[in-house]
Each structure stands twice: as structure tokens, then as C-alpha cells.
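A.B. asks: Task: produce atomic coordinates for the following.
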Amino acid sequence: MLKIDDYAAFCRVATPFYYYDIDLFTRTADLVAGLSERTGIQVHYSLKANSDHRLNDILSARGIGADCVSGDEIEFAVGCGYDPKKIFFAGVGKTDKEICQAFQVGIGAFVVESLEEIEIVGDIARRLGRKAPVSLRINPNIDPHTHHYITTGLYEDKFGISDRSFDEAVAMVLGNPYIDVFGLQFHIGSQIMEVADVVKLECEKVNDIVARFEAAGMEVKNIDLGGGLGVDYDEPDDNPLPDFEVWFKTIADNLKRRPDQTVHVEPGRSLVAQSGSLITEVLYVKKGENRRFLMVDAGMNDLIRPALYGAYHKIENVTAFYEDGPKRENRVYDVVGPVCESADCFGKERVLAKSRRGDRIAIRSAGAYGQVMASHYNMRPLAPSVYSDRLAEAPRKKDYFIGE
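C.D. replies: This is a model prediction of the structure:
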């Protein structure tokens, strides 16, 4: 069950909202920063997972870098205290404006995805009178055994440079005086649970590719293995911390690297997912012909992952747990929101404590790709961030019938 230190204050907050367990998040950040220091593997947080300012302040304060996929993410990262030299600019569709923003900030590396992008980044560098630090993103053609929407390292995916273009890529970067070769970058997908097996395979393939590039005359000073470490969406309380130790150890044991080479990783989901929950309130309990519907005040505009990916999030009745303990019997519900779309469903046939109007529901493991993907669809307001240690500062629930 979701940990809440001050349940009374929690119940005064207006719903829906994103609730961040700051203690868990800090423990996660400290663990990763410690592993980074111990192994010499540099960490760059994938900002697209969650762009909450306070969370990013905590990460940057621990010396973690940032992986960005837009010009505005780069400027936001600098505003959160990330060292510009530890900021990587990835993404398959960089605009001229964004490339210029990155040059102005002085980022550590442009992660280029294609031969065409090498040419464009080099030309903009020439026009600015600058040199572009370039890391080539390689498509290693590895199946990470995850959802097809979040695989990124197969030949049919839109990401990276495939082996048929390696020689031409080397010739382009070495032949352009406005490009400084930073290294090679790899990323095979997200929500990888078979960590040891998949990452070992990635390292073995990376070893071969790095050797091939160096044999062609390109010194590879930096090797970036991307991110993708998965989290336990089924039982977040049993596994609040992902297998960071296994991930770092597998890399350290299987990746060949010289003392002059630096290894980088780019976790996103694994750093923030378990620390965040979407909190919503029951509006109605509706009996259909064959189902019970639990209608809540959060919608797919607040958390689109179930509608977009069919993603699973554990759902809990917080009120029943904290107020009634085991007294309420269980019921089976479809948990649905107020948005005028049939896809606005957080979970079907979920077993929850018998629920009533006004109960608070927690949709767990929503810290990654939750709040950051929210929209104003149906002109609904965005759910705010609320922190476990600052409940008194959160927006209060209003009483619309005062003086009735």
C-alpha cells in the first residue's frame, strides 16, 4: 500500500494530483549516484521520463547528467543545475533552432541518428564557427523483449545508424573539420526486465561494434549504453528499487573498455517510476449490466499510458486501507475516468476494497511517463505535483457548500 506519513493532510489535497514519495526518490538517487561513483559509469537522467523541477534538482545535485530530446529540455536541464558538459542531446528530429540552442548552452554531445543529421549538425557548426561534439547512435538490432512501442534497437525501428552505413558514417565524421568525435551511443528499448541476459548481449554486441569502428580509424572515447532498466509495475512495494546493482555489475563484467574510455548510461523510468502515484477520488460507483464501474476524477489526459500502451498500473483504495483496514470486503471494478473516450480506462476487472464516493484511489508506479505526458484534452486542468514532505503546501480541496 502507498506509504503516507500524514494521511489527514493527504486527504485535504484537491484531486487529482501526482504524489511523489521524496524519501523513496532520494534513496533511489543516492543508490544510483553511489553505483556511478563506484564503477566509474557516468549516469545521465533521461529527462523525458519526468520533468518535475524538484526531482531534477535532486538528481543534478548528486552529479548526475541529463539526456535531452528537445531544445527546451536542454534549457530546462540547465535551469535545474545540470552541468552542460554532462548534457547529451538525442532525438531523431532535431530542428535547426534546437541544434543552435544546444550550441549556445555548450552541451557535452550531440547524439546523431543518421547520415543526414551528421551533415546538418556539421554544417550548422561551420556556420556558427564552432565544433560539434558528436556521438553516433548505433542501431544494434537487439530485441529487448519488451513492448513493441518502446523498442528502439531493431532494424525496423526509426532510431540509429545500421551497420550498412557504418563506413560512410566514419568517413563523414572524420572528414568534417567542424565535428569532434565524442563516441558511440546505443539504446535498445525500455522496461527491460531480463536485465542480466539482455544487457550482457548488448555489451557483447557493443564490444564488436566498437572494435569495428576503431579498426576503421575512429577512436571511440565514450561508450553510451542508453537506458531501459525496467520496474515492477505489479508489486511496487515489494520492489521499490529496480535492479540497479545487477545492471551496473553486468555492464562492468561484460563491456570491454580501456582506462581512457568512459562508459555512460541513461536511466529514466527506473529513477522515477516507483516514487510517483496518481491520486484520484471516486465520483461514482456505477453498476452496469455485467460490470461495476469505479468512476474517478482523473482521466486519460492525466495518465495516458493505459490507453496508449495498454500499460498496467497497480490500483489501490487508499481510504479503505487507512480508515477501515481489513473491514471492507473486496469487489471487482473497471476503474474509469471522466474523459469522453472509451479508452479512458485505468484498469479492467481490478479487485479493490469495496469503494464509495469520496474514496481516494492511488494509481501506482506513475512517476515515469505519467505527468510529463499529460494534456488538456476536454479542457481539463493538469494535475499538479504534490510532495510527501510538503503536503501542507499542496492545493486544498474546496468545500462548495459552505453556508448551505
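A.B. asks: Residue 241 and residue 31 touch, don't they?
C.D. replies: Yes. Between residue 241 and residue 31 there is a contact under Cβ atoms under 8 Å: 6.4 Å. C-betas here are computed from N, CA, C, even on glycine.
A.B. asks: From the rest of the structure, what touches stretch 31-39?
C.D. replies: 41-43, 62-64, 241, 244-245, 248, 251-252, 267, 271 (Cβ atoms under 8 Å, 6 or more residues apart in numbering).
A.B. asks: Could you pull up phi and psi at the residue nearest to residue 292 when sequence neighbours are not counted?
C.D. replies: Spatially, and ignoring its direct neighbours in sequence, residue 292 is nearest to residue 333 (5.0 Å; Cβ to Cβ, 6 or more residues apart in numbering). Main-chain torsions, residue 333, degrees, to the nearest 10: phi -130, psi 150.
A.B. asks: so who does residue 333 touch?
C.D. replies: With Cβ under 8 Å, 6+ apart, residue 333 has these contacts: 285, 291, 292, 293, 294, 349, 350, 352, 355.
A.B. asks: Which among those residues count as buried?
C.D. replies: In those, burial by neighbour count holds for 285, 292, 293, 294, 350, 352, 355, counting by 16 or more other Cβ atoms under 10 Å.
A.B. asks: which ones are touching the fourth one?
C.D. replies: Spelled out, that is residue 294. 282, 285, 333, 334, 335, 336, 352, 355, 361.
A.B. asks: For the buried ones among the contacts of residue 333, name the two members farthest from one another.
C.D. replies: The span of the buried ones among the contacts of residue 333, defined through Cβ to Cβ, is set by 285 and 350 at 13.2 Å.
A.B. asks: ok, which stretches of the stretch 201-350 of the chain are strands?
C.D. replies: Assigned by DSSP state E, counting those that start in this stretch, the strands in the stretch 201-350 of the chain fall at 222-224, 262-265, 276-287, 292-296, 315-317, 330-336, 345-353.
A.B. asks: Can you tell me which of those strands is packed in deepest?
C.D. replies: The highest average neighbour count among the strands of the stretch 201-350 of the chain, using mean count of other Cβ atoms under 10 Å, belongs to strand 222-224 at a mean of 24.
A.B. asks: Show me the contact partners of that one.
C.D. replies: So strand 222-224 is contacted by 88, 109, 111, 135, 182-186, 206, 210, 255, 257, 261-266 (Cβ under 8 Å, 6+ apart).
A.B. asks: could you pull out the strands for the stretch 1-150 of the chain?
C.D. replies: 17-20, 41-46, 65-68, 87-89, 109-112, 132-138.
A.B. asks: Residue 186 pairs with what?
C.D. replies: Beta-bridge partners recorded for residue 186 (DSSP bridges): residue 138.
A.B. asks: mind checking how far it is from residue 45?
C.D. replies: 17 Å (Cβ to Cβ, to the nearest Å).
A.B. asks: neighbour-wise, which of those two wins?
C.D. replies: When residue 186 and residue 45 are compared for neighbours, residue 45 comes out ahead with 29 against 23, by other Cβ atoms under 10 Å.
A.B. asks: and the more buried one, bridged to which residues?
C.D. replies: In beta-bridge terms (that is, DSSP bridges), residue 45 pairs with residue 66.
A.B. asks: got a list of what it touches?
C.D. replies: By Cβ under 8 Å, 6+ apart, the contact list for residue 45 reads 56, 59, 64, 65, 66, 67, 266, 267, 268, 271.
A.B. asks: Redo the residues you listed as TSV? Include pLDDT, neighbour count and distance to residue 13.
C.D. replies: Output for those, formatted as TSV (pLDDT from 0 to 100; neighbours: other Cβ atoms under 10 Å; distance: Cβ to Cβ, whole Å):
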residue	pLDDT	neighbour count	distance to residue 13
56	98	22	22
59	98	27	25
64	98	22	29
65	98	24	33
66	98	29	30
67	98	31	32
266	97	25	33
267	97	24	29
268	97	23	27
271	98	29	24
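A.B. asks: I'd like to know which of those residues are part of helices.
C.D. replies: 56, 59, 271 (DSSP state H).
A.B. asks: The last one is in contact with residue 28, isn't it?
C.D. replies: Yes. Look at residue 271 against residue 28 with Cβ under 8 Å: they come within range, at 5.9 Å.
A.B. asks: Tell me how far residue 53 lies from residue 76.
C.D. replies: 8 Å.
A.B. asks: any low-confidence regions in the protein?
C.D. replies: Within the chain, the set of residues satisfying pLDDT under 70 comprises 141-159, 403-404.
A.B. asks: domains of it?
C.D. replies: Taking automatic domain parsing as the reference, the chain has its domains at 7-16+274-393, 22-267.
A.B. asks: Out of the contacts of residue 294, the closest to residue 323 would be?
C.D. replies: residue 355 (12.0 Å).
A.B. asks: How is the closest one assigned, secondary-structure-wise?
C.D. replies: The three-state assignment at residue 355 reads coil, by DSSP: H, G, I helix; E, B strand; the rest coil.
A.B. asks: show me the contacts for it.
C.D. replies: 282, 285, 294, 317, 320, 331, 333, 361.
A.B. asks: Sketch out the helices for the stretch 101-250 of the chain, chain order is fine.
C.D. replies: 115-128, 166-174, 195-215, 244-254 (DSSP state H, counting those that start in this stretch).
A.B. asks: Can you list the buried residues in the shortest one?
C.D. replies: Going by neighbour count (16+ other Cβ under 10 Å), the buried part of helix 166-174 is 166, 169, 170, 172, 173.
A.B. asks: now stretch 98-113
C.D. replies: 98-99, 101-103, 105, 107-113.
A.B. asks: ok, now stretch 124-144?
C.D. replies: 124-125, 132-140, 142, 144.
A.B. asks: Restrict that stretch to CA atoms and write it as PDB.
C.D. replies: Backbone C-alpha positions of stretch 124-144 (Å, rounded to 0.1, in the frame of the first residue of the first chain) are rendered in PDB as follows:
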ATOM      1  CA  ILE A 124      25.400  24.400 -38.600                       C
ATOM      2  CA  ALA A 125      28.600  24.100 -36.600                       C
ATOM      3  CA  ARG A 126      30.500  25.600 -39.600                       C
ATOM      4  CA  ARG A 127      28.100  28.500 -39.900                       C
ATOM      5  CA  LEU A 128      28.400  29.200 -36.100                       C
ATOM      6  CA  GLY A 129      32.200  28.900 -36.200                       C
ATOM      7  CA  ARG A 130      32.000  26.100 -33.600                       C
ATOM      8  CA  LYS A 131      32.900  22.400 -33.400                       C
ATOM      9  CA  ALA A 132      30.200  19.900 -32.700                       C
ATOM     10  CA  PRO A 133      30.900  17.000 -30.200                       C
ATOM     11  CA  VAL A 134      29.200  14.100 -32.000                       C
ATOM     12  CA  SER A 135      28.200  10.700 -30.700                       C
ATOM     13  CA  LEU A 136      26.900   8.300 -33.300                       C
ATOM     14  CA  ARG A 137      23.800   6.400 -32.300                       C
ATOM     15  CA  ILE A 138      24.000   2.900 -33.400                       C
ATOM     16  CA  ASN A 139      21.100   0.500 -34.100                       C
ATOM     17  CA  PRO A 140      22.500  -2.800 -32.800                       C
ATOM     18  CA  ASN A 141      19.500  -4.900 -33.900                       C
ATOM     19  CA  ILE A 142      18.800  -6.400 -30.500                       C
ATOM     20  CA  ASP A 143      15.400  -7.500 -29.300                       C
ATOM     21  CA  PRO A 144      15.000  -6.300 -25.600                       C
END
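A.B. asks: Cool, thanks, signing off.
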